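In: Generate a structure from the sequence data that follows.
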Amino acid sequence: MSDGQLPGPVLIGLEGWELKPRERDWLQNPQVGGVVLFSRNYHNLAQLELLNESIRSAAHAPMLICVDHEGGRVQRFQDGFTRLPPLGLLGRMHADAPELALDYAYRHARVMATELLVAGVDHSFAPVLDLDVDSCVIGDRAFSAAPAAVADLGRYYLAGMHDAGMRTCGKHFPGHGSVRADSHTDDVLDGRPLAALERTDLVPFKALLGQLDAVMMAHVCYPKIDAAPAGYSAHWIQEVLRAQCDWSGVVLSDDLGMHAAAYAGKLRDRLFRSLEAGCDAVLVCQPEEVDELLHACANDRLPSAPSLLKLHGRNRVSREELQTVSEWRHWQQSITDLEHCQWA
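Out: Numbers count the residues shown, from 1 in each chain. Okay, the predicted model is just below:
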């Protein structure tokens with residue numbers, strides 16, 4: 001890695017368990033600022049650690065290594081990691097035993113973040129702050145349908161991530177959970193006026209912006225507020241999030257390869273539309289789309305993304321040290337035991 005270089009604004013997906021020659025070339029591209037890992041990139045802990053080391057050694061600048069590791073059906077690494085329950089379980093617990101649920105939200109986040117940091121992963125795109133109202137893709141990835149419960153549980157979850165040494169990311173702003181369609185496969189329209197969003201979906205985000213280090217935008221269009229999906233909307237990013245909410249953290253797009261992202265045209269157009277709207281960085285998660293985008297932008301001069309450096313993790317403990325900490329083993333076991341609790 002070259003000293004003094006700044007990361008670019010594109011976070012890329014890789015093909016498999018180890019770097020391919022073309023991927024080493026991508027990591028030397030000044031437009032690239034990080035990597036998003038998936039289940040296809042994980043075989044075991046030793047392989048993951050080696051992959052992360054090779055990413056960093058091949059890169060032109062400090063690379064942000066990220067993953068979606070929410071728990072439940074969105075946990076990319078499983079064997080060798082604590083099996084995390086979906087956040088929705090904590091919401092069900094919160095309805096009956098709120099203090100217990102808050103304690104478990106903190107533990108869930110602390111275990112998740114610590115295990116990733118020890119393995120060399122900087123950042124999990126977590127937590128989901130959407131509401132579990134009607135979405136076919138959000139569902140129990142969200143804490144609850146109740147905005148106050150999401151904010152309550154989210155506050156403790158974010159504290160757990162921070163105490164482990166990981167930066168936080170709330171998604172999907174300004175809310176993906178109240179409409180049925182899945183932005184991976186469909187266009188998603190939320191026809192409610194701003195006043196309705198402010199009473200519901202926006203509540204957790206506004207309550208927790210002080211604890212958030214990053215926000216991931218939704219590929220959802222709110223036509224009564226702006227014709228463009230939120231990730232392409234200067235109104236949502238610059239006027240609502242930045243100006244009205246006085247927020248200065250990192251803004252990320254969701255994956256530009258998703259169906260709903262096609263609103264802006266080809267991949268190069270999606271990239272520029274996202275950056276012009278106010279995103280600091282964008283995700284391009286499928287390797288063939290990474291190749292397509294970097295070729296399309298070969299003659300473009302993209303802005304660097306120094307704000308990504310703020311999201312790098314701080315590994316505070318080794319795996320060997322963890323095994324000697326009785327409190328850690330208790331937390332780890334308590335999260336595993338949630339699978340058999342009365343709210344599961």
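In: So residue 216, which state does it fall into?
Out: strand (DSSP: H, G, I helix; E, B strand; the rest coil).
In: contacting residues for the closest residue to it other than its chain neighbours?
Out: Leaving aside its sequence neighbours, residue 216 sits nearest to residue 171 (C-beta to C-beta, 6 or more residues apart in numbering; 3.7 Å). Using the backbone N, CA and C atoms, a C-beta is placed for each residue, glycine as well. Taking C-beta atoms under 8 Å, 6 or more residues apart in numbering, we find residue 171 in contact with 125, 126, 127, 128, 129, 130, 215, 216, 218, 254.
In: how close does the second one sit to residue 108?
Out: In this structure, residue 126 and residue 108 are separated by 10 Å, where distance is defined by C-beta to C-beta, to the nearest Å.
In: Overlap of the contact sets of these two?
Out: Common neighbours of residue 126 and residue 108 (C-beta under 8 Å, 6+ apart) are residue 157.
In: before we move on, the earlier item: next one: the residue nearest to residue 216, what pLDDT does it get?
Out: Here, the pLDDT recorded for residue 171 equals 98.
In: Which element, helix or strand, includes it?
Out: strand 169-173 (DSSP states H and E).
In: The following helix or strand past that strand packs against which elements?
Out: Downstream of strand 169-173, the first helix or strand assigned by DSSP H and E is helix 194-199. Secondary-structure packing of helix 194-199 (3 or more C-beta pairs under 8 Å, 6 or more residues apart in numbering; DSSP states H and E): no helix or strand packs against it.
In: ok, and for helix 194-199, which residues are buried?
Out: By neighbour count on 16 or more other C-beta atoms under 10 Å, the buried set for helix 194-199 is residue 197.
In: Return the mean pLDDT over that helix, rounded to an integer.
Out: 96.
In: I'd like the next helix or strand past the one helix or strand in the chain whose mean pLDDT sits lowest.
Out: When each helix and strand of the chain is scored by mean pLDDT, DSSP states H and E, helix 319-322 comes last, with a mean of 87. Of the helices and strands lying after helix 319-322 in sequence (DSSP H and E), the nearest is helix 326-337.
In: contacts for that next one?
Out: 82, 83, 84, 85, 104, 107, 108, 110, 111, 114, 322, 323.
In: Do you have the strands of the stretch 151-300 of the chain handy? List them.
Out: 169-173, 214-217, 250-255, 281-284 (DSSP state E, counting those that start in this stretch).
In: Make a markdown table out of those and add distance to residue 78.
Out: Output for these, formatted as a markdown table (distance: least, C-beta to C-beta, whole Å):
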| stretch | distance to residue 78 |
| --- | --- |
| strand 169-173 | 21 |
| strand 214-217 | 23 |
| strand 250-255 | 21 |
| strand 281-284 | 22 |
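In: Which among those is found nearest to residue 15?
Out: The closest of the strands of the stretch 151-300 of the chain to residue 15 is strand 281-284. By C-beta to C-beta, the value is 13.3 Å.
In: Direction included, what does the closest one pair against?
Out: The strands beside strand 281-284 in its sheet (DSSP bridges) come out as strand 10-13 (parallel), strand 250-255 (parallel).
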